[in-house]
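A.B. asks: Dropping the sequence and predicted coords here.
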Amino acid sequence: MSTTLDFYWDLADLNPEKRIKAAKQLVSALCAFQQTFEEEKKKTETQSNEQSDTNSAESNLKEARKESELDNMCAGDVSYALKRLIRGLTSSRDAARQGFSIVLTELLSRFDFITVELILSIMSKVSEIKGAMSGQEQRDMLFGRLFTILCISESGTLSRKSTTSNDVEVIIKELSEMPKKRSWISEAAYNTLCKVVKSVSSSLLEESVIPSILENLFPDENIDSPDKLKLILTMQKESPGYDWKKSLQKWDDGNIFSVKNAKKLERILLENTKDSNDEFLPHHSYVHSVWDDIIEIYFPQSQNSNSNSFNFISNDPKIKSLSFMDIWVDVVDKGYFSTSSTKTRKFWGFQLADKTIMLVDNNTVPQLLTKGLVKAIMHNIGGKEKAVNGASHNLLKSLIKRAELDNNITLALVEKLTGSYGSWNFDSITKTKTIATLMLNMTPELLIDYETYLESAIIDPTKHFNNSETPKNFSAEKQPVSTEYIKTSRLWALDQLIRIVSNAQMPRSKELIQKASNFLLTNTLFTVSSGDKLKADSNSVPTFDTEMRKALGERLINFLGVLVKLPLGFEKSGNFKVGDKEIRVLGVSEDGETWLAKVINTLIEIQGGKFNQKSKSIIYKPLYSNSPEDQKRRKNVYAKILNLLQTNKLATEKGKSLDESNRKSRPIGELLCIVVLQSMVLECIQNSQTSEIDENDSKESDLDGQIDEEFDELTQAAEEIITCSEKITGTQKDLNKPKSKKGKSGSQLTNGTSMNPENQETESEPKPEEVLLDLLVSLLTKSNATMRHSINTVFSAISSDISESGLSVLIDKKEDSESEVDDVKNGNDDFIEIDTELQNQLKVMNLLEIYLKKQSPKNNILVFKAISELSPLLHRLSNNSKQTNLYNKLKTCLGAIRKPEAHTEYKLEGEILKKAVSLSTEALDIVNKTARKANLKDELNLYTNLSLYIVKFIVNLESKNVGIGGEIAKQVSNLKETVLSSYKTMAKDFFTKKNTKLQFSYFLPIIAHFKQEPLDYLPFSVGLIISQYTNISIAVNSYRVTEAYSYFSELIKSNKHLITASVQDGSFSDKKTWFDWLPVVSSALVGNINETVSVKEDGSTVFSNDSKMPIDRLSQILKSFHTVVSTMGLPQVCGKNGFVEYVKNQSGVEKDNKNISELQNVLSKLAQTAKQNKKSSLANASNSILSVIGTTKPVNGSVKRKTPTEEKKAEQNSIKENGKKKAKKSKKN
């Protein structure tokens, strides 16, 4: 027995794996013991010749009904285990009941000789409830009995022949008494009783069990709780042949789900009984398990249906059965989710819905989303009650999961959640992404169906308000619909339609896009009506008012923006990689026709009566003017748009390449299309307003005048775009359009000059691109996002042809911004207001950003004009914290400047070269002046980048135009000096002014950016400028001196490869002048050290107390200088005479030579002084330099340079000595 005792403790372990392992080991051990016992017993019986009658009777026993019989029929370990396991079920320690019940169930299933009578006998003894017991002890006894009976039913012992009706009677009595003692155990007791019903044999069930249960638990057919209902349903299912008509006469002859029993079922499932009020609900914080049986009845999960099973839903026409939705509406919708229901009942409802959604069929899932449930989700999902909140979240997750399993129900779910019971703003209200996620789960076919649903919701929202798919219990009478509901529903449906066609993650198809296009086009610009006899209720369909016409017009224009950006392979965008043609080509369908061209063709078909010929009964009446003259004019405009959009045809006609033709003509065609359609929309709104005014006899509003004015401007803009496009593409044709009013843009076609450096023209007439630019700027003030995108695209296409005067249109903004710039200069706070004018400036800045981003890599010299104008403005705006929007936009604009392309041409001639020199040098001067006043770090960084861009251009300009003749020759030859002069000014400002706005970061990028010819000399030339500020007597403070030395450190580190390579190829001597700064820096170092170290009368050295050069600064300077000499001090660089002599030869200044000669001695004194004062970092820095340039004095006094081997050996010895000294110090301490 000792071999099994260790297992019992682990049976109660909270770790499931450990618990199951112990159970397996214990069962295996007990089975082994029993097998051994039976073998020995059999052997003993065989060998015994004489046996008494008593012994004979005992040996023939096959069942143990008493404990005394048990000991004779099994091993001692098994007998002990059985008693201990039953007693262990009363223990509340950890997971004792789970572990002990597993083993007990397994033993009962394996050992047939153990009877129910015996188990019940042992149970009665070990779990007897006594009056002296505490509440917890009584609770443990009840659970012990409940778990024991569960083990009996689960093991299959009840179905054995050894089980008698008396045994089952005892179990029934035991379980029926439990709820009377403790109400909270009721459901568990009845569930166990259901298991008993399922476990007994069919004969025993009908003969004894059912009659006993009905007699004890259902007197007078009283089914008054979910527990009893579950038990009745279980018995009916297990015994369909029982005479239920006689037993349940009050329940429509046993037809529980008869319509006659609806009220009873509702009361039971809501637990609205005298024994089950709301005070009881907290003890029952989960939906009752009877719902599992009800769901199984209506939606069987098992594939193998039992032909003999009980027919819960009667086929008798005389008996009308309840549908599942009848029960759902009465109990769940009107009960659990009624406005007066408790939090507990709402929690049940969410739990039940969560469970049911995953079990019912596809047709039922959407029906579950009834009015009460959907509203409860929206009201409770963000509530403070955590349990209800969590349950509602779980329900939405289950909805999404179910939709993923079968996306055919997705559309129905979306319609329910966004319909009249839910909200079009469901995701926003619930703060979830339920609708968005469901939409992504749709198939292309479902998405088209959803688009049809949205169209229907826009045309007649009342149809969806009064036509919800609900059970018959709901009233089918039409309810009055408010005007506000109609308006809100239509706007939501419109927005949703735009969302699905613009969302790249949706399974969009060309059929969807075309369908949405046709709907928006026809319902925005036309009144759609049927020519057939109108239906009886057609007059009740609300028409589109002016406000709705405006909304339709806005969405149509937004939709055009979607079409322009639609990738060629949008239907299978997931199959392509970044850079593939299918992603890069926008606005074109698979047949090569642009989507905007399809829109225009649809308008042509409608105007010609060829649209939607399958439904000839539909009549499209234009809302815009449609006189014969208007038709002719509009037809010609359509032809012009199509001609511009059909780039293949245009390129063939003019003999141009497709890319060249497509670059300008198509963007202009897209803009023209959008402008024309926008004007048509305004005309429709205009006519709709006129009709309403006539009907209501009201006065015109100011808004009406604004629409008229905007319509006239767009009409004129369309005519001017056509005129410009004809000149740009060379396709002038007589379009028979009426004469336009003479406007500003049109008048400029006859005067002005072009100054574009890439494309000079001498005609007095301005280029059409210039006129078009003026028109684009004027359109920006009235544009929406779609038109603004198209304007930006057109401008990008023509930006290379913009001249200086054209650029001035963007920079100066003449009439609408000069006064505002003056306000900035004068510090006028009135300018700070973010108004319409400021917003217009921001839009113009977008064009400037496009221009600079596109033209700066091409070295368009007009970029320098933009820099000259915008840099001071940026600084002025930085002074005003309330102008953050404009400042950030301008900073982004200037930050768009990109480095020149590799193949950029710098060889210029004539006036262009002269203009390039003038604009670039002026820009450099302005940028540097502005940089010296910069207030912010990011502002200064921007000026630094601009300066680098300009300097690169200037240096390359000089290099590529060497030897040019004429008046410009002198200016070109002086470009290098101009650049260096600018750096001299900047260096003087930074190194000599204490309160300078400059930072050292202005100079450092020169090193990294100028490494290739002809720019590689520049960092060294700037180094010569900075070198004079390495002396503490010239620089404003020691910090600036330190930064000056760090410049040379970075310079050498960055160009070390250049130096070594030039030494190897013999070109180093040609670069000798590059290092003219080296003597100056070396000489300054001597002066800086002398400033720090002073000599006493006795010849000893000390650190000066009043020195301008702090020791830590000097240490940093020495480290930087060491970086310099570690490269420049190499023998192959400085030669055999050493670094000092090399530097002296490099210098022609006597004073510098004198200081350089003292370099070694000064460094030695510094190292000695630093050592005496325990300044180890300073001493190490000095010695490091000496190790490279230092010399040793032999006995004869001559100077001998150390070899690299000697230097390495000396360094190793020094390290060893330092280690020994440190070891001695540590021992002393």
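C.D. replies: In hand now; what should we look at?
A.B. asks: can you give me the strands in this structure?
C.D. replies: Secondary structure of the chain (DSSP state E): strands at 526-530, 618-622, 1093-1095, 1101-1103, 1191-1192, 1200-1201.
A.B. asks: can you pull the pLDDT of the closest residue to residue 896 other than its chain neighbours?
C.D. replies: The shortest distance from residue 896 to any non-neighbouring residue, by C-beta to C-beta, 6 or more residues apart in numbering, is to residue 853 (4.0 Å). Where you see a C-beta, it was placed from the backbone N, CA and C, and this is true even at glycine. We have a pLDDT of 91 for residue 853.
A.B. asks: how far away is residue 623 from residue 524?
C.D. replies: 8 Å (C-beta to C-beta, to the nearest Å).
A.B. asks: between the two, what contacts are shared?
C.D. replies: Counting by C-beta atoms under 8 Å, 6 or more residues apart in numbering, the common neighbours of residue 623 and residue 524 are 549, 684.
A.B. asks: Between the two, which is the more surrounded one?
C.D. replies: residue 524 (25 against 20; other C-beta atoms under 10 Å).
A.B. asks: My understanding was that that one contacts residue 550; is that so?
C.D. replies: No: taking contacts as C-beta atoms under 8 Å, residue 524 lies outside contact range of residue 550: 9.8 Å.
A.B. asks: which ones are touching residue 887?
C.D. replies: Going by C-beta under 8 Å, 6+ apart, the list of residues near residue 887 reads 874, 877-878, 880.
A.B. asks: can you count the residues close to residue 36?
C.D. replies: Count around residue 36 with other C-beta under 10 Å applied: 12.
A.B. asks: residues touching it, list them.
C.D. replies: Contacts for residue 36 (C-beta under 8 Å, 6+ apart) come out as residue 75.
A.B. asks: how about a cut-off of 10 Å?
C.D. replies: Neighbouring residues of residue 36 by C-beta atoms under 10 Å, 6 or more residues apart in numbering: 75, 77.
A.B. asks: how far away is it from residue 27?
C.D. replies: 15 Å.
A.B. asks: again with residue 1182
C.D. replies: On the measure of C-beta to C-beta, residue 1182 and residue 27 end up 84 Å apart.
A.B. asks: who has more neighbours, these two?
C.D. replies: residue 1182 (27 against 17).
A.B. asks: Please name the nearest non-neighbouring residue to the more buried one.
C.D. replies: residue 1167 (3.8 Å).
A.B. asks: Give me the pLDDT for that neighbour.
C.D. replies: pLDDT, read off for residue 1167, is 90.
A.B. asks: go on, residue 246?
C.D. replies: 87.
A.B. asks: Now do the contacts for it.
C.D. replies: 253-254.
A.B. asks: one more time with 8 Å
C.D. replies: Taking C-beta under 8 Å, 6+ apart as the test, residue 246 contacts no residue whatsoever.
A.B. asks: Check the gap between it and residue 87 for me.
C.D. replies: Residue 246 sits 44 Å away from residue 87, going by C-beta to C-beta.
A.B. asks: Over to residue 260?
C.D. replies: If you go by C-beta to C-beta, the gap between residue 260 and residue 87 works out to 50 Å.
A.B. asks: what does residue 797 give?
C.D. replies: Counting by C-beta to C-beta, the gap from residue 797 to residue 87 is 91 Å.
A.B. asks: what about the two, which has more around it?
C.D. replies: residue 797 (20 against 17).
A.B. asks: ok, now how distant is that one from residue 859?
C.D. replies: Where residue 859 is concerned, residue 797 sits at a distance of 20 Å (C-beta to C-beta).
A.B. asks: which helix in the chain runs the most residues?
C.D. replies: helix 658-696 (DSSP state H).
A.B. asks: Show me what that one packs onto, helices and strands only.
C.D. replies: Applying 3 or more C-beta pairs under 8 Å, 6 or more residues apart in numbering; DSSP states H and E, one finds that helix 658-696 makes contact with helix 510-525, helix 546-564, helix 595-607, helix 628-645, helix 647-654, helix 702-729, helix 785-798.
A.B. asks: Redo those helices as JSON lines? Include mean pLDDT.
C.D. replies: JSON lines is the format used below for the helices and strands packed on helix 658-696 (pLDDT from 0 to 100):
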{"stretch": "helix 510-525", "mean pLDDT": "94"}
{"stretch": "helix 546-564", "mean pLDDT": "94"}
{"stretch": "helix 595-607", "mean pLDDT": "93"}
{"stretch": "helix 628-645", "mean pLDDT": "92"}
{"stretch": "helix 647-654", "mean pLDDT": "49"}
{"stretch": "helix 702-729", "mean pLDDT": "86"}
{"stretch": "helix 785-798", "mean pLDDT": "92"}
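A.B. asks: what about the helices in the stretch 951-1100 of the chain?
C.D. replies: 969-973, 975-992, 1005-1009, 1018-1027, 1038-1065, 1077-1092 (DSSP state H, counting those that start in this stretch).
A.B. asks: Could you do the stretch 1-150 of the chain as well?
C.D. replies: 2-10, 16-47, 53-59, 67-73, 76-88, 96-110, 116-126, 135-155.
A.B. asks: quick one: which of the ones you listed is nearest residue 187?
C.D. replies: helix 135-155 (11.3 Å; C-beta to C-beta).
A.B. asks: In that closest one, which residues are buried?
C.D. replies: 139-155 (16 or more other C-beta atoms under 10 Å).
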